[in-house]
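Chemist: Below is the structure, and that's it, no one-letter string:
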């Protein structure tokens with residue numbers, strides 16, 4: 001597994017300060033990869049490193065990554081990197097605990113990127129993000145309950161912050177069925 005520069009190339013289109021920001025349309029794909037091709041490929045890649053992976057663990061990986069190619073490969077890379085022993089003669093059976101540790105390490109390594117982006121946001125934008133992350137599907141972001149619980153600004157302030165967030169961290173916030 002290798003983590004290449006694809007994400008850096010994609011960020012050129014996602015970063016609001018980039019000259020290429022929104023210069024192309026992003027395409028949302030419901031199912032990124034063919035399940036029947038992905039499973040044997042992952043098994044084969046781990047087998048090359050003398051690591052054995054069960055289908056249930058691959059399913060867990062793809063549940064975490066929603067079968068997105070980049071994130072599936074990156075999580076598999078961390079799982080490989082944290083468990084590969086080039087001196088081992090017998091195959092090592094990867095466990096759910098190995099996956100859990102690898103996911104924690106991946107998130108820890110990525111946290112600086114997330115923190116830096118979060119720190120650039122205004123206080124209202126941070127409040128809106130927290131509210132969006134914690135509200136239930138049937139709660140409106142401008143409902144009285146959410147507004148009071150998260151100390152949100154008035155309705156126009158909420159929508160202005162969402163619009164600014166869309167520019168700053170697109171495509172993390174999107175509207176679907178009238179809700180964010």
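Modeler: Structure received. In this text, all values refer to a predicted model and were calculated from it rather than measured experimentally. Residues are numbered from 1 along each chain as shown.
Chemist: Please report the distance of residue 122 from residue 161.
Modeler: 7 Å (CB to CB, to the nearest Å). Placement of C-beta: from N, CA and C, glycine included.
Chemist: What residues does the residue nearest to residue 90 when sequence neighbours are not counted make contact with?
Modeler: In space, and not counting its chain neighbours, residue 90 is closest to residue 50: 7.5 Å by CB to CB, 6 or more residues apart in numbering. Neighbouring residues of residue 50 by CB atoms under 8 Å, 6 or more residues apart in numbering: 84, 85, 88, 89, 90, 91, 92.
Chemist: Tell me, what's the model's pLDDT at residue 50?
Modeler: Looking at residue 50, its pLDDT reads 94.
Chemist: now swap in residue 32 and tell me
Modeler: Looking at residue 32, its pLDDT stands at 59.
Chemist: Check the one 5 residues further on too.
Modeler: For residue 37, the pLDDT comes out at 81.
Chemist: Ok, the one 4 residues further on next?
Modeler: pLDDT recorded at residue 41 is 90.
Chemist: rewinding a little: between residue 122 and residue 161, tell me which one has more neighbours.
Modeler: residue 161 (23 against 12; other CB atoms under 10 Å).
Chemist: surely the more buried one meets residue 128?
Modeler: Yes - the pair residue 161 and residue 128 passes the contact test of CB atoms under 8 Å, sitting 4.6 Å apart.
Chemist: Report the residue spans of the protein with pLDDT below the cut-off.
Modeler: 1-33, 170-171, 174 (pLDDT under 70).
Chemist: can you give me the helices for it?
Modeler: Here the chain has its helices, by DSSP state H, at 6-14, 35-48, 55-65, 69-83, 96-119, 123-134, 144-150, 155-169.
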